[in-house]
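Colleague: sequence and predicted structure are below.
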Amino acid sequence: QYQLRRQLLPKRSNTNAASYRLIQQGAHFGHRHDDAISNITQLQSNFSSSSDNNRSNSGGQKTVLILGSSGTLGSTVASHLKQNHNCLTIGADITAPDPSSSLDAFLLLSPTDTTSTLQSGIQSLHTDTTDLQLDAIICTNGGFTLDDPTNPSLTHQQMMTLNYHPVVAAAALLPRYMTTHQGLFLAMGASAALAPSAPTHTAYGASKAALHHYLHSLGVMTGLGLGGSRAIKKSSEELKRIQANEYLDSLTVLGLLPHVLDTEVNRKAMPDVDGRLWTKPMDLAREIGRWVSRPEFRPHSGSLVKALTRRVKGEDGDGCKTEFHLVR
């Protein structure tokens, strides 16, 4: 289903350089929506009853944590999983969800302390009466900013804070909360980080490249991972780690790498760029939904999967189609 191929980024020109400016997941950087804060408490109480119903349901719903759920991609993924795959959805973001959100629970995170606020938020859902178990963690968080020529190290720190650190914080939840039956851990990488970037994009590219390395390293050490060092896998320390963490035996870790997402934010930022080949968030949501619901459709653990939108010809005329290809 997935073909391993060498991926080359298109040559940059002065006219389309702006298309590399905003490869992000519709992340929110503003203040919290005060009119939505009152909904959070209700979401938390609703989750407890939904989780109780889930345990009594013989079919069993899957419970999914979506990091960056208030962004365009995150909200699209959450809505798709709930409506089309009957999942219980837990959102987490630095901004409150839209009042019309269909999330079953929401965790408000601190932009300066994602790890502890994520941990405490999850713990608040894991009570004596609610035994929280996650079937998937989907990290749709992310953002972009140009390198600051006067203080480049600051930009690198900001990009790591937005694109890398939250994923590591989410992975810290795996030992305690991830299911031992075919769990999924997925994060959004970037196809732009597969090749050298423009001098003003090094912070973004470096943060995404670090994320790719983290996902690949975490993935190959699971029971479903291919590649990696056999010496490391067979070491006594690694065997002890796998035995102590049963979830690792069937966990799939994936990176999904789009180019530019077709969002309102990106269209406003790049009004002069042809966005017909930008990837629609729903295309990614559908593929993520298949991976959540049908583990047999997932690539092997540790894979990086590029989302490529291209023109196709059909009986009704030309259109666009998003394909998914292994790059690692």
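Modeller: Perfect, I can see it now. Since the model is a prediction, treat every value here as computed from it, not as a measurement. Numbering: from 1, shown residues only.

Colleague: now R311: how far from T322?
Modeller: 11 Å (CB to CB, to the nearest Å). In short, each C-beta sits where N, CA and C put it, glycine included.

Colleague: between the two, who's got more neighbours?
Modeller: T322 (18 against 10; other CB atoms under 10 Å).

Colleague: so the more buried one bridges to which residues?
Modeller: Residues in a beta bridge with T322, per DSSP bridges, are T309.

Colleague: show me where the stretch 151-300 of the chain has helices.
Modeller: 152-163, 165-171, 174-177, 202-220, 230-233, 236-244, 264-269, 281-293 (DSSP state H, counting those that start in this stretch).

Colleague: mean pLDDT lowest for which of those helices?
Modeller: With a mean of 58, helix 230-233 has the lowest mean pLDDT of these.

Colleague: okay, which residue is most central for the chain?
Modeller: With distances taken as CA atoms, centre = their mean, the residue of the chain nearest its centroid is C139 (2.7 Å).

Colleague: doesn't G68 make contact with that one?
Modeller: Yes - in this structure, C139 is within contact of G68 by CB atoms under 8 Å, at 6.7 Å.

Colleague: shared neighbours, those two?
Modeller: Taking CB atoms under 8 Å, 6 or more residues apart in numbering as the contact rule, C139 and G68 both touch P166.

Colleague: just for the stretch 1-150 of the chain, where's the confidence low?
Modeller: Scanning the stretch 1-150 of the chain for pLDDT under 70 picks out 1-59, 128-130.

Colleague: in it, which spans are strands?
Modeller: Taking DSSP state E, counting those that start in this stretch, the strands of the stretch 1-150 of the chain run over residues 63-67, 88-93, 105-108, 136-139.

Colleague: now the longest one, how far from the chain's geometric center?
Modeller: In terms of CA atoms, centre = their mean, to the nearest Å, the centre of strand 88-93 is found 12 Å from the chain centre.

Colleague: for stretch 141-157, same thing?
Modeller: With CA atoms, centre = their mean, you get 21 Å for stretch 141-157.

Colleague: quote the end-to-end distance of that stretch.
Modeller: Criterion CA to CA, to the nearest Å; first-to-last residue distance in stretch 141-157 is 16 Å.

Colleague: list the buried residues for that stretch?
Modeller: Neighbour counts over stretch 141-157 (16 or more other CB atoms under 10 Å) mark N141, G142, G143, F144, T145, D147, T155, H156 as buried.

Colleague: surely the third one touches N163?
Modeller: Yes - in terms of CB under 8 Å, G143 counts as a neighbour of N163; the distance is 6.8 Å.

Colleague: related to what we said a few turns ago, quickly list what the closest residue to the residue nearest to the centre of the chain other than its chain neighbours is bridged to.
Modeller: Among residues not flanking C139 along the chain, A187 sits closest, at 3.9 Å (CB to CB, 6 or more residues apart in numbering). On the basis of DSSP bridges, A187 is bridged to C139, G255.

Colleague: how about the contacts made by A187?
Modeller: I138, C139, V167, A170, L211, L215, L254, G255, L256.
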